[in-house]
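S.K.: Next comes the sequence, and after it the predicted model I'd like to discuss.
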Amino acid sequence: MADYFEHRHIVGFEETNLVGNVYYVNYLRWQGRCREMFLKQRAPEVLADLQADLKLFTLKVDCEFFAEITAFDELSIRMRLAHLAQTQLEFTFDYVKLGPGGAETLVARGSQRVACMRGPNSATVPSLVPEALVRALSPYSGPALLPLGRTA
């Protein structure tokens, strides 16, 4: 089993500029999409919690570019858990261009820090990362990332 959650994507024309290169903002959108698909596929009980009062606030995102990609390039967006705190998570994302014959090229690398919050919008307070989310993420992190008192 891979140590990352993978979301595959084929770049469309609407994601490129006049010269044919991908707009930078799409890399950030793909981070969010990868995270959403992770929740749908690996932690559906967290989706139910989001329908109640759990909120996942994105505090910080970044992306460093190594190579350009264009329309119809096939990507593997690979998410890993980089850090787990009581109320926050940090993910890393590798953007890998998939080529013929199994060739892979790392085209970008990003990260995202997320805070767990609960309550109505006017009185939202920090909340522990849900246990169901910790369990779902455990295959995509090293055991040293889990804080004391938490189990994988």
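M.R.: Looks like it came in fine.
S.K.: List the buried residues in the longest strand that the chain contains.
M.R.: The longest strand of the chain (DSSP state E) is strand 104-118. Residues Val107, Ala108, Arg109, Gly110, Ser111, Gln112, Arg113, Val114, Ala115, Cys116, Met117, Arg118 are the ones in strand 104-118 that count as buried (16 or more other Cβ atoms under 10 Å). (Each C-beta comes from the backbone N, C-alpha and C, glycine too.)
S.K.: The first one is in contact with Glu64, isn't it?
M.R.: What that stands for is Val107. No. Applying Cβ atoms under 8 Å, one finds Val107 not in contact with Glu64, separated by 10.3 Å.
S.K.: ok now the lowest-mean-pLDDT helix or strand in the chain, how far from the chain's centre?
M.R.: Within the chain, confidence by mean pLDDT, DSSP states H and E is lowest for helix 44-52 among all helices and strands, at a mean of 93. Distance of helix 44-52 from the chain centroid (Cα atoms, centre = their mean, to the nearest Å) equals 17 Å.
S.K.: Next, the angle from that helix to strand 104-118.
M.R.: With axes from the mean of the first three to the mean of the last three Cα atoms, to 10 degrees applied, the angle from helix 44-52 to strand 104-118 works out at 50 degrees.
S.K.: any idea of the mean pLDDT for stretch 17-31?
M.R.: Stretch 17-31 carries an average pLDDT of 93.
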